[in-house]
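Engineer: my questions concern the predicted model and sequence given below.
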Amino acid sequence: MSNWLLIIQNILLILLIIFFCLLFWIFILARIIRKLYKFPIPSFTTRLIDNPIRRRFIQKPEIIAKRLKLKSEMIVVEIGPGKGKYTKAVADKILPHGKVYAIDIQEAVIKRLKERVEKEDIPNIIPMIDDTYNLSFEDESVDRIFAIACLPEIPEPVRVLKEFKRILKLDGIISLCELFIDPDYPLRRTEKKWAKDAGLEFIQGFGNWFVYQLNFGKSLN
Ligand SMILES: C[S@@+](CC[C@H](N)C(=O)[O-])C[C@H]1O[C@@H](n2cnc3c(N)ncnc32)[C@H](O)[C@@H]1O
């Protein structure tokens, strides 16, 4: 009997090792593909990324929103809202007069978010398609801009950050959040360099190597 138990234990252990090896190689393969080809991840995968485990233990929407130092009347732009859980956390904090413009490149993402906004009767989220290289906002008209696991997905991140700088108010904040399990994950120093190249000034960093949030502002020079 104990022999059987030992055999089953060993089989389970081998299966577990195979599973993690597979996961590792899938991750490496995904990173290589993402390095070679830049394209928005399909809309259905945003459902996988935005899951309760991540929101509860890894990237809590309330904490990300708190680090944006929001006030009630603010105009906020989010790039790449996905399912919109983080959008909602931010939108709640700027009620009653503030607005979040949730911008995505994919029709399917925006359609799903519009349906959610209508169903849950959220008054201050405006889902829209827009061009991140040429956003339809006036110069210096936006208080906060944030993007979670989105900027490294866009082929020319420095160009996007320059556009963010154009629409950001003088005392505004641009907040970039990344997560290691995202196949597009850049190191902090890479993202800081993009921001520097776009003429932005680093204000504050949060988190660790695995999951981080970096705040930038307009350089005063
Ligand atoms: C990895 S998902 C992240 C979704 C969400 N922010 C989250 O963290 O759960 C990236 C999102 O960025 C969007 N995206 C990719 N390229 C974009 C672009 N050029 N302009 C706007 N959104 C873009 C994708 O459609 C997708 O919704």
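Structural biologist: Cool, got the structure.
Engineer: the nearest residue to residue 176 once chain neighbours are set aside sits in which helix or strand?
Structural biologist: Leaving aside its chain neighbours, residue 176 sits nearest to residue 214 (5.1 Å; criterion: C-beta to C-beta, 6 or more residues apart in numbering). No exception for glycine: its C-beta is placed from N, CA and C like everyone else's. Secondary structure from DSSP states H and E places residue 214 in strand 211-218.
Engineer: near the ligand, which residues of the protein?
Structural biologist: 40-41, 46, 49-50, 79-82, 103-106, 109, 132, 148-150, 153-154 (C-beta under 6 Å from any ligand atom).
Engineer: could you rerun that using 8 Å?
Structural biologist: 40-41, 43, 45-46, 49-50, 54, 59, 78-83, 85-86, 103-106, 109, 130-132, 147-150, 153-154, 160, 177, 179, 182, 184 (C-beta under 8 Å from any ligand atom).
Engineer: in stretch 114-122, which residues are buried?
Structural biologist: 114, 116, 117, 122 (16 or more other C-beta atoms under 10 Å).
Engineer: contacting residues around that stretch?
Structural biologist: 83, 84, 88, 91, 125, 127 (C-beta atoms under 8 Å, 6 or more residues apart in numbering).
Engineer: chain center to it, what's the gap?
Structural biologist: Offset of stretch 114-122 from its chain centre (C-alpha atoms, centre = their mean, to the nearest Å): 21 Å.
Engineer: cool, and stretch 156-170?
Structural biologist: Distance, centroid of stretch 156-170 to centroid of chain: 16 Å (C-alpha atoms, centre = their mean).
Engineer: with stretch 125-141 instead?
Structural biologist: 17 Å.
Engineer: beta-bridge partners for the most centrally placed residue in the chain, please?
Structural biologist: A centroid search over the chain (C-alpha atoms, centre = their mean) returns residue 148, at 1.0 Å, as the residue closest to the centre. On the basis of DSSP bridges, residue 148 is bridged to residue 177.
Engineer: could you list every helix and strand in contact with the helix or strand residue 100 falls within?
Structural biologist: Here residue 100 sits within strand 99-104, counting by DSSP H and E. Contact partners of strand 99-104 among helices and strands, from 3 or more C-beta pairs under 8 Å, 6 or more residues apart in numbering; DSSP states H and E: strand 75-79, helix 85-93, helix 107-119, strand 125-129.
Engineer: helix or strand with the lowest mean pLDDT in the chain?
Structural biologist: Within the chain, no helix or strand scores below helix 43-49, which has a mean of 78 by mean pLDDT, DSSP states H and E.
Engineer: pull the distance from the helix or strand just after it to the chain's centre.
Structural biologist: Using DSSP H and E, the helix or strand that follows helix 43-49 in sequence is helix 52-53. Helix 52-53 sits 16 Å away from the centroid of its parent chain (C-alpha atoms, centre = their mean).
Engineer: counting by contacts, list what helix 52-53 packs against.
Structural biologist: For helix 52-53, there are no packing partners by 3+ C-beta pairs under 8 Å, 6+ apart, so no helix or strand.
Engineer: going forward, begin numbering at 26 instead of 1
Structural biologist: Done: numbering now begins at 26, and the last item shifts to helix 77-78.
Engineer: now the helix or strand following that helix: buried residues?
Structural biologist: Next in sequence after helix 77-78, counting helices and strands by DSSP H and E, comes helix 86-91. Residues of helix 86-91 classed as buried by neighbour count (16+ other C-beta under 10 Å): 86, 89, 90.
Engineer: mind naming the longest helix for this protein?
Structural biologist: helix 27-61 (DSSP state H).
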